[in-house]
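*Asks:* Give me coordinates for this.
(one chain, ligands or ions: 1)
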Amino acid sequence: MSTDPRTWRNETLLAPLTRGGTLPFRRLCVELGARITCGEMAYAREVNRGSPKEWALLQHHDSESCFGVQLAGSSAARLIQATQTAAEQGATYVDLNCGCPIHDTTRRGLGARLLQKPPKLARLLQMFVDGSPLPVTIKIRLGWETDQPTAREIARIAEEAGVSALTLHGRSRNQRYSKPADYAVIREIAAERSIPVIGNGDVLTWYEAEARREGLSNLMVARGALIKPWIFREIAEGRELCLTATERLELYLRLARYYREHLGDGERGQRRAWYFLPWHFKFFHRYRPLPAADWAERAAEYPLMQTRMPSDVPDDPLEALLQSKDEAVHEALAQILWTHSAGTLSDALPALQALAEAPPASGHPATEPSPAG
Ligand SMILES: Cc1cc2nc3c(=O)[nH]c(=O)nc-3n(C[C@H](O)[C@H](O)[C@H](O)COP(=O)(O)O)c2cc1C
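*Replies:* I've put the predicted structure just below:
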């Protein structure tokens, strides 16, 4: 496929996801149908300082043929320098984060803060695009405040500055996830622009993707991919793939293997993987089959991502284990998968079944991780 964002049509992009969108996770998503991927947000200033933590965010797997590095920055010179490094590392595009709502980012004048002053952003984008060795895309929200939406103006400014594509998350900074993404506004803005406008927010099923894609062409999926990385295949095939507990465990084991290959064997590898692997279950445990026949009508009224899903404890012990919200269960699952990550699921099944019979209980339900965009 073409790596030029201007040519993207009918694509479903994997969103930038801090802590979740790691190289091993993206590798899994590519195998499950993702064609365009993006790294976790990296601070341009830290990239330029040579911070190993930030440089790690520029790495991609060989299978990622269209890979973007997402940068947070507000100085064109810094962004250009960091993009040069990203290009040398093999990125095919660079995305400017203009949506991160987190205080630590916005207090430095970065992320969603850039939405507040469109003329300043216009100058930044013009200089960045002119000096960037890679095509520049941007990811924005409707605005900082709901009653002061700046997205329409910013989309125009971005196109005039030569930005190649724009992702619009259909919520303001202050809304966080409280309201459904506003696709009516995303569509209006897309209709006014000639560059691809990628719609983002609340896609959990293939039929929601189909409905939201109307008038837009491209979509970006974030939490939907963290909950079920096979969503890309579902969307491409236009049908629900209801994976059993064992089929899901096969994928989670593969993910553990990719973490091992990426971060290394042994204690050091496990210590590094431990920041990520149990964390993934904060999203994996939310998976529920949502066949169109039962759910499509409800999804048309309100996004399923925002809907409280049935929480009856399933009869199958493995299924109940995978739906557990308990952090102690997430840790125990990660431990078994890591231990058996060089082998097959049949090696891991006895330990998983034993865990399912007597799951630990910390009493700490996993909280929804805070978003960065
Ligand atoms: C755990 C998590 C981490 C995120 N990290 C980033 C990030 O690094 N950069 C970014 O632009 N957006 C980030 N986001 C926001 C998503 O990319 C996306 O815009 C948002 O979740 C809405 O899409 P969704 O409804 O499909 O989840 C993050 C979201 C989550 C849940």
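*Asks:* can I see the domain layout of this protein?
*Replies:* Using automatic domain parsing, the domain ranges for the chain come out as 5-237, 245-357.
*Asks:* all strands of the stretch 151-300 of the chain, in order?
*Replies:* 165-169, 197-200, 219-221 (DSSP state E, counting those that start in this stretch).
*Asks:* Direction included, what does the first one pair up with?
*Replies:* It stands for strand 165-169. strand 136-141 (parallel), strand 197-200 (parallel) (DSSP bridges).
*Asks:* do the last one as well
*Replies:* The sheet places strand 219-221 alongside strand 12-14 (parallel), strand 197-200 (parallel), with pairing taken from DSSP bridges.
*Asks:* now the strands paired with strand 165-169 as JSON lines including mean pLDDT and distance to the ligand?
*Replies:* Where C-beta positions appear, they are placed from N, C-alpha and C, glycine not excepted. Below are the strands paired with strand 165-169 laid out as JSON lines (pLDDT from 0 to 100; distance: least, C-beta to the nearest ligand atom, whole Å):
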{"stretch": "strand 136-141", "mean pLDDT": "98", "distance to the ligand": "5"}
{"stretch": "strand 197-200", "mean pLDDT": "98", "distance to the ligand": "5"}
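*Asks:* Okay, residue 254 and residue 337: tell me how far apart.
*Replies:* The gap separating residue 254 from residue 337 is 9 Å, by C-beta to C-beta, to the nearest Å.
*Asks:* Can you give me every residue that contacts residue 3?
*Replies:* Contacts for residue 3 (C-beta atoms under 8 Å, 6 or more residues apart in numbering) come out as 65, 66, 92, 93, 135.
*Asks:* how many neighbours does residue 40 have?
*Replies:* 22 (other C-beta atoms under 10 Å).
*Asks:* next one: the one 5 residues further on
*Replies:* Burial of residue 45, expressed as a neighbour count using other C-beta under 10 Å, amounts to 20.
*Asks:* Flag every residue of the stretch 201-350 of the chain that's near the ligand.
*Replies:* 201, 202, 203, 221, 222, 223, 224, 305 (C-beta under 6 Å from any ligand atom).
*Asks:* burial count for the closest residue to the fifth one other than its chain neighbours?
*Replies:* Put plainly, it is residue 222. Spatial nearest neighbour of residue 222, chain neighbours left out: residue 15 (3.7 Å); criterion: C-beta to C-beta, 6 or more residues apart in numbering. Using other C-beta under 10 Å, residue 15 has 26 neighbouring residues.
*Asks:* from what I can see residue 15 touches residue 221, true?
*Replies:* Yes - at 6.2 Å, residue 15 counts as touching residue 221 under the criterion of C-beta atoms under 8 Å.
*Asks:* shared neighbours, those two?
*Replies:* residue 200.
*Asks:* Who are the packing partners of the lengthiest helix in the chain?
*Replies:* Criterion DSSP state H: the longest helix present in the chain is helix 245-263. Helices and strands touching helix 245-263, by 3 or more C-beta pairs under 8 Å, 6 or more residues apart in numbering; DSSP states H and E, are helix 23-31, helix 266-273, helix 277-284, helix 317-322, helix 327-339, helix 345-357.
*Asks:* how about the last one: buried residues?
*Replies:* Pointing back at helix 345-357 there. 345, 348, 349, 351, 352, 355, 356 (16 or more other C-beta atoms under 10 Å).
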